[in-house]
Structure formats: C-alpha cells, structure tokens
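Engineer: need coordinates for the following:
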Amino acid sequence: MCQEDEIMPYLKRMCDGKLVATYFRKIAPQSREPAWLFDWSLPVKSGETILELMADGISQGRIAFHAEADNLCYYVDILETAKQNNTYIHGHKAYDGVGAHLFAEVARRSFAAGFDGYVAFIAKTNIIGYYEHQLGAKRIGGQLMYIDTDAARRLVHRYYGGD
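Structural biologist: Below you'll find the model as predicted:
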C-alpha cells in the first residue's frame, strides 16, 4: 500500500517534524544521473520543462511537464521523488509532501498560463487512489487522470496561499 503524503505549505522533515521552506529550480540534465531511477535527460531532449524541488539545499523530487495548448492544460510526463523520499527504496521518507508539492507547482503554472489550473497525467495503478484522495484528481479512463480547476485551486492555496 502506498503511504500518503500530508499536504502542507512546506515539506515536513520526518526526523524532527520541522516544516522546511522549499523552492523550485529549472534544470536540464544532459545525461543519466545515478541518484535518480529515471533518465532525466530524456524529457530534456523532447522539450519538456523539468523542475526540481529543493529543501535544505538538497533535491527532494523532480517533475517533467509540457503545455498542451490544444487541450488547455499542462501534461505531466514524469514525476519522481528523490530516493530519500521513496519508501520503496529507502524504507521511509526523509520529507513528507513531495509529490503533492510538485503537482501544486504545475497547477500554479497552469493558472498563470491561462489553463484554469488543469493538469493531466497517467497514474501508476497502485497510486490512483492517492491521486484521487490527496490531490482531488479525477479519472478520465484507464490510468489517465486530471486535476480540474477546483482541485488545482485547493492545491495552490495549500502551498502558496491562493491562485
């Protein structure tokens, strides 16, 4: 069973419960990096935007996405939490809230781009319930999901105080 992230305006450092400020930076890896399961140079080659979520000076997760202007949304191609936040690899999470925080940033950018907060993505089957419950995402069919305006507004409000 997937352990759910607590949604909050910061990341929670699990060792001491402290809320830690975060920031995003745009990156463009040129080759495979051993610290990550996914080869993040691949979305660079296809023109995706890649953002890295930073806390305590360390990368906590990454997300690759692109605009789908015809569908008036951003499409998330890849999301990966850093190994220290992946319970399947590390056994526990160093920080709580990484996945939701990554989606909140893309939703915020969706509002700024005039897409009304819409974000689409294909979910792994074992975490569809997480996306529905924690992010307010809805299923289109199969594993294709989306975050609509209301769900995006709630996410953005939690992390940024409004849209």
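Engineer: could you point out the helix or strand that follows the lengthiest helix in the chain?
Structural biologist: The longest helix of the chain (DSSP state H) is helix 98-112. Following helix 98-112 in sequence order, the next helix or strand is strand 119-122 (DSSP states H and E).
Engineer: starting at the chain centroid, how far to the next helix or strand after that next one?
Structural biologist: For strand 119-122, the following helix or strand on the C-terminal side (DSSP H and E) is helix 128-130. Relative to its chain's centre, helix 128-130 lies at 14 Å (C-alpha atoms, centre = their mean, to the nearest Å).
Engineer: buried stuff in helix 128-130?
Structural biologist: For helix 128-130, burial by neighbour count (16 or more other C-beta atoms under 10 Å) applies to 128, 130. For glycine as for every other residue, the C-beta is placed from the backbone atoms N, C-alpha and C.
Engineer: direction included, what does the very next helix or strand once past it pair against?
Structural biologist: The helix or strand immediately downstream of helix 128-130 is strand 138-141, counting by DSSP H and E. Sheet partners assigned to strand 138-141 using DSSP bridges are listed as strand 144-147 (antiparallel).
Engineer: hang on, the earlier thing: what mean pLDDT does the longest helix of the chain have?
Structural biologist: Taken as a whole, helix 98-112 has a mean pLDDT of 96.
Engineer: after the helix or strand of the chain with the lowest mean pLDDT, which helix or strand is next?
Structural biologist: Least confident helix or strand of the chain, by mean pLDDT, DSSP states H and E, is helix 87-90 with a mean of 70. Reading on from helix 87-90 to the C-terminus, the next helix or strand found by DSSP H and E is strand 95-96.
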